[in-house]
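Give me a model of this one.
(chains A and B)
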Amino acid sequence: MPKLYSGAEIVFKCLEDQKVSHLFGYPGGAVLPIYDELKNHPSIKHILVRHEQGAGHAAEGYARSTGKPGVVLVTSGPGATNVVTALTDAYMDSVPIVCISGQVPTHLIGTDAFQECDTTGITRPCTKHNWLVKKIEDLPKIIHDAFSVAMSGRPGPVLVDIPKDIQFAKAVYKNFSNKVSKENGKSDKSFSINEINTLIDLMRKSKKPVFYTGGGVVNSGPEASNLLRELVSMTGFPITSTLQGLGCFPGDDNQFLGMLGMHGTYEANNAMHDCDLMINIGARFDDRITGKIDEFSPKSKKVHIDIDPSSINKNVKVDLPIVGDVGEVMQSIIKTTKKNKPLFLKSNKQNIAKWWSQIDKWRAKKSLNFINSEKKIMPQHAVQRLYELTKKYDTYVTTEVGQHQMWAAQHYKFNKPNRWMTSGGLGTMGYGVPAAVGVQIAHPNKLVIDIAGEASVLMTMQEMSTAVQYNLPIKIFIINNEYMGMVRQWQELLHEKNYSESYSAALPDFVKLAEAYGCVGIRAKTPDELDEKILEMINVDKPVIFDCVVDQNENCFPMIPSGKPHNQMLLGPQDQKSKKITGKGKTLV
Amino acid sequence: MSKSAYSNPTKSGKLDTHIIVVWVDNEAGVLARVVGLFSGRGYNIESLAVAEVDLKKNISRITIVTTGTPQVIEQIKLQLKKLVPVHKVADFMRTDKMVIFKEMALIKVVGNNVKTNKAFIACKKFNPVILDKTKKSVVIQITALRREIDKLIKSLKNKGMVSVSRTGAVAMTRGSETFK
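Numbering: from 1, shown residues only, chains lettered A, B, ... in the order given. Now for the predicted structure:
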């Protein structure tokens, strides 16, 4: 007779077979049997968070910085509902998360039992798939399938809901981890060599090409970033990246035009608007990227390389869709070009010389410039100093959401993938602190910084307690302007400076708050002391909350105002008077 | 209908009626996944018919009548194909001559023999079957296209019809071919 295992034991056997080393979770009544089993599995370390949302974001930080799935364990009812924001965030940004939730015992489901909620119902629209385990015999296959669904194709979150009686029930364990379940024949690799040839032909004929790359390159693995570098240097084409794709291509390389989109650089957005060939690699034509969709890059042939067929033609109609893993597609492009079109490699740099001189003209606008001050710390200056003082380390940066996030994206240059963790699709304030916890867990000896805003950081501040418990020396670098800065900026530009509820009239003393948590608190108030304080922060081997007091009125530029196309950007305070946002633009988000 | 919050709703294409057929694993919550996808992404469902068609493999066939621009219909199909329990998705235009569409309706008519007979005759073109008959009433089953049933029901309103129950459309291709 084969050995029988309890449901709780099976959960851990699956996690062990999936080589999971860390679990982010919070106990509660309906997962107690699983927590009871934890002690018997020393290879799996549990990280106790302070709120289930924190567990979710920590798992996201872990997943994005390693490429491995993040695993979350929460209880039923409020445990599950608290993790919904993180699951939605992971869904929008294609982060692989496996969430295991407890559920009331099977016989109590549907009776409005204590801490019962319809977890699979609530999480259905924010997961790739979810399962309610009704029979103990199904448990091993479901958990292994969950990992497979989370990691395959375009990655994303999944949830397995396990009723308490199933955690106690016993069954045989079977390892399904090696069986790649090609469920219902869903394939994600269907590109053909013809498509590659068509693309190379387009590239050969193009006079004004641009690469537009996104998070898909990160998700495809570190090799994809190497291939991207090879492809870009081989073709000599300019490249711009979305928020999520930063780091795949070196931020300080001359071929890199900077980030594009709503707060992208002048040269990147104009190159997108005027190009004759746009090659989208693993990005999804998000509305923050395209601006006004009817006037989006009107003269270009558009190529879209993506692993998710439903991303093709969703927002923007493309001329050549190539469905496949971006790494494999790029490899094929490089190989085929070298083999069949060696002449192209030589001729093409002259072909696009005019295009580059146009780009250099746009560059000369220096759209990221700002007026620095000697009295007050300007937020952009703070990020620039932080970059200069940390670039010699292999630094991991997370952010919250708002102005500081955009300044970080504009002024912090990344050279490697998986170093930049930010909530792009959902725009979740409070993402950065728990994400930093997850990143530091995965990379104990690396410098991990959360570039934060004082409003965002208060949403998940409790996770500092987690950082202290596990000796995680994360650095929370708060760009403190006492406003919800991005809200204030929109109110200034779009709502006649009616700063409705965007000022935080009461804020904690962040230095004292740090001390209360058992962290180190540092405050910088003037540009003179900034460098010295940043160095102090880097050198402390403890969690730090850094209160960087900055100018309160600075806005984030450049900016494509709502309802405007790429070539009508606001460059700064002078520019905005001449291009006032009116009428319809106001109603947009 | 603005898909992107950033862009103004612009030239929306021509709306076509399509019949989407989805083969799914018949498991708990699968209909909610399909229907939730439609409501969540703002697609429209005109009618819905679903039942298990393969008792051994537990496969259900869902037939959805929907309207949308060609781009939206394409998205519907691609999004459906991403759902884990979905096996395959077929898409037919309502105007497609190679596809048979049928809906069924049960109609209850109350009245004397003369009245119920008149009602039955009115149904004559739509394969009427009398399922129940009393001295004062009759229940007639008909199969027809949606618009035909709409019209019939309108005309039966003053002929003693007291209740009607309708299914969604089901579809099948003509000839020996099946959808792979």
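
which stretches of chain B form helices?
Taking DSSP state H, the helices of chain B run over residues B:30-40, B:70-82, B:113-122, B:146-156.

Turn the ones you listed into JSON lines, columns for distance to chain A, mean pLDDT and mean neighbour count.
Where C-beta positions appear, they are placed from N, C-alpha and C, glycine not excepted. JSON lines is the format used below for these (distance: least, Cβ to the nearest Cβ, whole Å; pLDDT from 0 to 100; neighbours: other Cβ atoms under 10 Å in any protein chain shown):
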{"stretch": "helix B:30-40", "distance to chain A": "5", "mean pLDDT": "96", "mean neighbour count": "16"}
{"stretch": "helix B:70-82", "distance to chain A": "4", "mean pLDDT": "95", "mean neighbour count": "19"}
{"stretch": "helix B:113-122", "distance to chain A": "43", "mean pLDDT": "94", "mean neighbour count": "16"}
{"stretch": "helix B:146-156", "distance to chain A": "29", "mean pLDDT": "94", "mean neighbour count": "15"}
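
Show me how chain B divides into domains.
For chain B, the structural domains run B:16-93, B:99-172, going by automatic domain parsing.

returning to what we had before: ok, which of the helices of chain B comes nearest residue A:85?
Minimum separation from residue A:85 across the helices of chain B (Cβ to Cβ) falls at helix B:30-40, 16.8 Å.

what is the orientation angle of the closest one with helix B:70-82?
Computed by axes from the mean of the first three to the mean of the last three Cα atoms, to 10 degrees, the angle separating helix B:30-40 from helix B:70-82 equals 150 degrees.

Could you check which residue of the stretch 301-450 of chain A lies nearest chain B?
Of all residues in the stretch 301-450 of chain A, the one sitting closest to chain B is residue A:310 (3.7 Å; Cβ to the nearest Cβ).

Return the residues in contact with the nearest residue to that residue once chain neighbours are set aside.
Excluding its sequence neighbours, the residue lying closest to residue A:310 (Cβ to Cβ, 6 or more residues apart in numbering or on different chains) is residue B:78, at 3.7 Å. Counting by Cβ atoms under 8 Å, 6 or more residues apart in numbering or on different chains, residue B:78 touches A:309-310, A:312.

ok, now which ones touch the residue of the stretch 301-450 of chain A closest to chain B?
By Cβ under 8 Å, 6+ apart, residue A:310 lies in contact with B:75, B:78-79, B:81-82.

picking up where we left off before, please render the domains of chain B as CSV that adds distance to residue A:62 to the earlier fields.
Listed next are the domains of chain B as CSV, based on distance: least, Cβ to Cβ, whole Å:
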stretch, distance to residue A:62
domain B:16-93, 24
domain B:99-172, 45
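
looking at those, which is closest to residue A:502?
With Cβ to Cβ as the criterion, residue A:502 lies closest to domain B:16-93 of the domains of chain B, at 30.2 Å.

Start and end of the closest one, how far apart?
Taking Cα to Cα, to the nearest Å, domain B:16-93 runs 8 Å from one end to the other.

what residue ranges in the chain score low on pLDDT?
In the absence of a named chain, this looks at chain A. Low-confidence segments of chain A, defined by pLDDT under 70: A:178-189, A:343, A:345-347, A:574, A:576-589.

wrong chain, I was asking about chain B
In the predicted model of chain B, residues B:1-12 satisfy pLDDT under 70.

Neighbouring strands of the biggest strand by length in it in the sheet, and parallel or not?
What stands out as the longest strand in chain B, according to DSSP state E, is strand B:99-110. Strand pairing for strand B:99-110, determined by DSSP bridges: strand B:137-144 (antiparallel), strand B:161-166 (antiparallel), strand B:170-173 (antiparallel).

what inclination does the longest one have with respect to helix B:113-122?
With the same axes, to 10 degrees applied, the angle from strand B:137-144 to helix B:113-122 works out at 10 degrees.

what's strand B:137-144 in contact with?
The contact list for strand B:137-144, computed with Cβ under 8 Å, 6+ apart, reads B:102-111, B:116, B:119-120, B:123, B:125-133, B:149, B:152.
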